[in-house]
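Undergrad: any chance you could fold what I've pasted below:
(2 chains)
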2 protein chains.
Amino acid sequence: MVIREATAEDWRAIWLILKQEGTAGETLTWDPTRTEARARAGWMRELPGRTIVAVDDDGRVIGSANTQPIHPGPGAHVANAGFVVQPARRGEGVGRALCRHVLEQARADGYRAMQFNAVVETNTPAVRLWRSFGFQILTTVPEAFRHATYGYVGLHIMYRAL
Amino acid sequence: MVIREATAEDWRAIWLILKQEGTAGETLTWDPTRTEARARAGWMRELPGRTIVAVDDDGRVIGSANTQPIHPGPGAHVANAGFVVQPARRGEGVGRALCRHVLEQARADGYRAMQFNAVVETNTPAVRLWRSFGFQILTTVPEAFRHATYGYVGLHIMYRAL
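TA: Numbering: from 1, shown residues only, chains lettered A, B, ... in the order given. This next block holds a predicted model:
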């Protein structure tokens, strides 16, 4: 597996992963009616934002992540990040490799902290993974995510200094 | 004072207030290099978002607020809101009138809760106002705002059910 910056040619594969994972309704705050153009504008960041992909040994995109300042101006020293992994490729360390890269790049870019705003509390593999990277749960916004199976569940806001 | 939906003609006055308040660097996560076009796109919401203005008895715009879903899709039942008041018109109840309207409209629009992501902890008049409307501080993101006078201060994440 290789982690590298995403290119325009990667978008189609990222879009298919996002759509599949988003439509499942379990982990992403994803609008199923979103057009591909809007999804692309939201995921493929311009500087100072960044978008990366995880590529397997056969050259297939199996995951992606992006970062950007969580707020403009006086809040721009805290990074936000989003992650998605091809559902069929879970358990291969894709999320872990993406997160390691994102944290290193964010430090190099001069961010002082990283904050996630919408970690679905029932997505225990993700919560465990972010915790293993030193993220703590600052709070859980009650019933903030309408889960396809469980109904209203909380969204963790997770944070770590860099 | 009247609270009503913002129109295209109101934008110029809103922009001047935003720029003045944003440049002060004390209350808004505002990028001082932001162009007017980008600021307009960010403030003047399209449905399901809404933008309102407070207009004084002489017909002058003295404040504005907007709402939108805080997340897409399965997170869209929680509203986010932003507020700005003409600095020279503080203490006249403009923020209070805007907040009352925003809460009533959000209930009518079917939101289940409202969440603010970036209430500067040193902005005590705002914190007191939101508390008086039933908002609680879920957490304070440490050093998430670089205040023009105080340096790094926290950002409250505030919340109330509707």
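Undergrad: for the rest of this, base every contact and every neighbour count on C-alpha atoms.
TA: OK.
Undergrad: which parts of chain A are helices?
TA: Residue ranges of the helices in chain A, as given by DSSP state H, are A:11-24, A:36-43, A:94-108, A:124-132.
Undergrad: how about those, which one is nearest chain B?
TA: The closest of the helices of chain A to chain B is helix A:11-24. By Cα to the nearest Cα, the value is 8.9 Å.
Undergrad: is any part of that closest one close to chain B?
TA: No: using Cα under 8 Å from any Cα of the partner chain as the criterion, no contacts between helix A:11-24 and chain B are found, and the smallest distance is 8.9 Å.
Undergrad: with just CA atoms, put that helix into CSV.
TA: Taking only C-alpha atoms (Å, rounded to 0.1, in the frame of the first residue of the first chain), the coordinates of helix A:11-24 have been written out as CSV:
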residue,chain,number,x,y,z
TRP,A,11,-11.5,11.2,-8.1
ARG,A,12,-13.7,8.6,-9.9
ALA,A,13,-12.5,5.9,-7.6
ILE,A,14,-12.9,8.1,-4.5
TRP,A,15,-16.4,9.0,-5.6
LEU,A,16,-17.4,5.3,-5.8
ILE,A,17,-16.1,4.6,-2.3
LEU,A,18,-17.7,7.7,-0.8
LYS,A,19,-21.0,6.9,-2.4
GLN,A,20,-21.0,3.3,-1.2
GLU,A,21,-19.9,4.2,2.3
GLY,A,22,-22.2,7.3,2.4
THR,A,23,-25.3,5.4,1.2
ALA,A,24,-24.8,2.8,3.9
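Undergrad: what about that helix, average pLDDT?
TA: Here the mean pLDDT over helix A:11-24 is 96, rounded to a whole number.
Undergrad: pLDDT wise, what is the closest residue to residue A:110 other than its chain neighbours at?
TA: Nearest in space to residue A:110, with sequence neighbours left out and distances taken as Cα to Cα, 6 or more residues apart in numbering or on different chains, is residue A:77 at 7.4 Å. As predicted, residue A:77 sits at a pLDDT of 98.
Undergrad: from residue B:29, how far off is residue A:77?
TA: Per Cα to Cα, to the nearest Å, residue A:77 is found 11 Å from residue B:29.
Undergrad: same deal with residue A:98?
TA: With distances defined as Cα to Cα, the gap from residue A:98 to residue B:29 amounts to 28 Å.
Undergrad: same check, this time on residue A:34
TA: According to Cα to Cα, residue A:34 and residue B:29 sit 27 Å apart.
Undergrad: give me the more crowded residue out of those two.
TA: The residue with the greater number of neighbours, taking residue A:34 and residue B:29 and applying other Cα atoms under 10 Å in any protein chain shown, is residue B:29; the counts read 23 against 13.
Undergrad: quick one: that one from residue A:76, how far?
TA: If you measure residue B:29 against residue A:76 using Cα to Cα, the figure is 8 Å.
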